[in-house]
Structure formats: C-alpha cells, structure tokens
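In: I need the structure of the sequence given here:
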Amino acid sequence: MSEAAGTGAVRYKGLRGIAAAFAQPGAVTMLFFGLASGLPFLLVGNTLSAWLKESGVDYGAIGIASYVTFAYNFKFLWAPLVDKFRLPLFGRLGLRRGWLMFALLLLAAGLLGMAAMPPDVSLPRFMVVTGVAALAGATIDIVVDAYRVEIAPQEAQGALAATYTLGYRFGLIAGGAGILLVADAFGWQGGYVAICALLVIPFITVLVAREPEHRVRERVPLRVAVQEGFVGPFRDFLSRYGLGLALGLLLFVALFRLPDQMLGVMAYPFYLDAGFSKTQIAEVSKVYGVIVGIVGALLGGWAVTRFEMRRLLVVSAIGVALSNMLYLIMAANPGQTWAFVATLSGDNFAQGFAGPVLVAFMSGLVNRSFTATQYALLSALANLPGKLIGGLSGFLVKDSGYASLFVVSTVSIVPTLLVLALLWRRMPRPAEAG
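Out: Model prediction:
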C-alpha cells in the first residue's frame, strides 16, 4: 500500500489536520529528498562560477559554462523516460526509487569528477563532468517532484512542499555558503568532495522510503510506450482542461516567478555595488536570508492546508513583486547592514512563502498517470521565461540604473494577475486533479 493510500481518508483541515499533514512519514522523506534536489543546484551554477573565476577562466567562458544549468529548464524532454521505464539495474527499488538512486549515483560521479579534473587542468573535461552533474541534478528534481505528488493527496501537498523546500534550502546552504567555507580551508577540490559526502543522507533515505503506487503499465511494446510516454502526458493535459484553459494555466505558471527572476540575475552585482563585501553577502544572503526563506516556506506550507489556493496565489504573487521595491532601501542606504538585512528579510520571506504555494498548485494540476512529465513541464515553465527575460536585466541597469530594474520587476507581476483574473472562475480545484 502506498502512503497516499494510507492517508487518503485523512482530512487535512483545522489544527489537527495541519498537524497530521506535517506528521505524515512522507514529510520527513521529502525533507531529505529536498536536500538531494537543492545540493547540486549552486554547485553547477553560482558556486561553479566562483571556482572558474579563481582558476583564471575568462569571463566569456564563465558565461558559456553557465549554460549547463539549462538542463533544469529542459528536463521535461527526458521526464517521459522517468515516468514510463523502470531501470533494469535498480528494478527492485521500484520505478521512482530506482531512478532516484541512479540519479544520485550519477550526481556523485559528476561531483567527484569535477574534483578529480579541475578547470585549471582541463576545462573541456571539467565541463563534461559538470554537465553530467547538472543532468543528474535535473533528473533528481524530476523524480522527487513526481514522488511527492504520488505519496499523498492534494490537501497534504502543502506540508510536503514545505518540508521539501526546507530540505532544498539546506541543500542551497551546503552548496553555497558551506562549500565556500570548506574551500577556503581545503581548496575547491576538497570542498566538492566534502559536499558530495552529504549525498549519503538521501542514499539512505531512498533505501528506507516507500515506493508509491503508479498508474502506469510497466510492460508494453516499445511503440506504445513511446506514444504513452512522450505524447500521452501532453494530450492528457490538453484534454482534461481544454485548449484555452490549459494554455492559460501554462501561461500563468510561466509568469508567476517573473519578478524575482528578473531581479535575481543582477542581485549579486547590486550587493557589491551597494558597498557590501563578499563576507557580508555570504552571511546575510546565503545564511540569514536562507533561514528567513525557510520560515516563509513553513508558513506557506501551513497556509496551503488552511486557505483557498486562488487567494494564496494572489497574495504570493503580489508579495514577491512588492518585495523587490525593498531594494530601493538598500540603494538609498549603500553599505548599511540594517538596510541589507531589512531588504533580504522581506524578499526571502516572500519568496519562501510563495514556493510551497506554487508547488502545491502545480501538483494539483498533474495527472498521476503522467506525474513526472507533466510536473517537469510545469516547473520548467516556471523558470524558463524569467531566466530568458532576466538575462536582459543587465542592459536595463546599464541604461537606466538599478532603481528602474526594481520598479520594472515589480510591475512585471501585472500580466500574471491579469491572467489569474481571467482564469479565476475556471481555476481547477484540488478534487479535479488526475
């Protein structure tokens, strides 16, 4: 029996229901799986850029190297494989746990390969193993997202999203501030080996966690499997919601995170231009800011179990957008720690709160027969437009200054709210999930 089946009769309403949602075994499992998802993200992103810079790699190559993170944006391309095909060598673990164990092993191989072949020895080989690590990290995201949706009913997804986000942010701390501290003492290679050791935690979790039930046929002809795996998820999404509503939902998800992603690209340059040292940035942004984000995520997970989703989406979207205006305080008070702390408090809390809300909303949209593929598509959409548009934010800063970016990024939430208003009466309710 799956955990979902075991909890299906529970009504997660009121204080007892909220406590039951957070006390379910899957909530603890998602904490450690969240760690596995968050750990590689910075190791192949911002942290990687710092290592390349200290190794003497030119800025152009560093920019090109950042393209490895696009594995996260296009993970829906191989998500059908995760949804439909059981890995032979890991068959005894089941569909989800088998893929997760494979991805964790691949991630460990990629991180250790980066440590064994540093960029100052051979940049091409280093980027190959970095690409392996990024591919593994994106695959972990696919599996963990699918696992979370399948082990509990929709009304419990807020709690699972909150504990997942908590673990994810622990992973970001380890892959951000943590590895910087270790690398200072033992070098970048030693740092990557040390952080890789943390994968022991999700390894053990995979072995003891339950395998959820799947509404998929395991043994079918290859032609049928390809049809079901690559065409079926998209056809199902369109048929369940209809073309107009389906496109509207996809557009809403794509626009939801636009304000924070427009600002995120230029956040670190702004911190430096505002007069803060790297140590101050690490302390306030990578440690304090993450802790505030965790508080926001826990509150967001609680809110999902308590309030209507449509209203939470409005509050979350507006909160994330308005928090960008706090950066004007930093701009007006350069080098002032109190301004940095105040700004990061509002910004990270708003983003932390919005995280579980968006995750729970997207979880309610997927059909559990195509969990991995449909959720991978939604999560990719939630990041891709913001990254593409955010890449142009540097030109806005160059031409008009940071203040213009803060204002424009805040106003960018208007299209999101307009789409939500158009979808308001047709917005799917939790009971309509597949």
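
In: Look up the pLDDT of the nearest residue to residue 177 once chain neighbours are set aside for me, please.
Out: Nearest non-adjacent residue to residue 177, counting by C-beta to C-beta, 6 or more residues apart in numbering: residue 286, 3.8 Å away. Any C-beta I mention is one placed from the backbone N, CA and C, and that applies to glycine too. Listed pLDDT for residue 286 reads 72.

In: And for the one 4 residues further on?
Out: The pLDDT attached to residue 290 in the predicted structure is 80.

In: Same check on the one 3 residues further on?
Out: Per-residue pLDDT puts residue 293 at 86.

In: got the contact list for it?
Out: Listed by C-beta atoms under 8 Å, 6 or more residues apart in numbering, the contact partners of residue 293 are 169, 348, 349, 351, 352, 355.

In: most surrounded residue in these?
Out: residue 352 (27 neighbours; other C-beta atoms under 10 Å).

In: what sits against that residue?
Out: 165, 169, 292, 293, 294, 295, 296, 297, 299, 300.

In: so where do the helices sit in the stretch 1-150 of the chain?
Out: All helices of the stretch 1-150 of the chain, identified by DSSP state H, counting those that start in this stretch, fall at 3-7, 14-23, 25-43, 46-54, 59-65, 79-84, 95-116, 123-150.

In: so which of the ones you listed comes closest to residue 421?
Out: Proximity to residue 421 (C-beta to C-beta) singles out helix 123-150 among those, at 27.1 Å.

In: Following element in sequence after the closest one, please.
Out: Toward the C-terminus, helix 123-150 is succeeded by helix 157-173 as the next helix or strand (DSSP states H and E).

In: mean confidence score for the very next helix or strand once past that following helix?
Out: Using DSSP H and E, the helix or strand that follows helix 157-173 in sequence is helix 179-196. Mean per-residue pLDDT for helix 179-196: 87.

In: Show me where the stretch 101-250 of the chain dips below the pLDDT cut-off.
Out: Within the stretch 101-250 of the chain, the segments meeting pLDDT under 70 span 154-157, 214-230.

In: at 50 instead, please
Out: Counting by pLDDT under 50, the low-confidence segments of the stretch 101-250 of the chain come to 216-218.

In: list the contacts for residue 149?
Out: Counting by C-beta under 8 Å, 6+ apart, residue 149 makes contact with 157, 363, 366, 368, 371, 375.

In: wait, which of those is closest to residue 196?
Out: The closest of the contacts of residue 149 to residue 196 turns out to be residue 375 (C-beta to C-beta; 26.8 Å).

In: Near that closest one, how many other residues are there?
Out: Around residue 375 there are 27 residues (other C-beta under 10 Å).

In: Would you check how far apart it and residue 345 are?
Out: With distances taken as C-beta to C-beta, to the nearest Å, residue 375 is found 31 Å from residue 345.

In: Now go through the contacts of residue 352 and say which are in helices.
Out: 165, 169, 292, 293, 294, 295, 296, 297, 299, 300 (DSSP state H).

In: Next, give me the two most distant ones among those.
Out: 169 and 299 (13.7 Å).

In: Tabulate the ones in helices among the contacts of residue 352 in TSV, adding columns for distance to residue 140.
Out: Below are those laid out as TSV (distance: C-beta to C-beta, whole Å):
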residue	distance to residue 140
165	15
169	16
292	25
293	20
294	20
295	25
296	23
297	19
299	26
300	22
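
In: From these, keep the buried residues only.
Out: Buried members of the ones in helices among the contacts of residue 352, scored by 16 or more other C-beta atoms under 10 Å, are 165, 169, 292, 293, 294, 296, 297, 300.

In: can you redo the residues you listed as TSV with distance to residue 126?
Out: Listed next are those as TSV, based on distance: C-beta to C-beta, whole Å:
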residue	distance to residue 126
165	31
169	27
292	34
293	31
294	32
296	36
297	34
300	38
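
In: which one of those sits closest to residue 68?
Out: So of these, ranked by how close each gets to residue 68 (C-beta to C-beta), first place is residue 169, at 21.9 Å.
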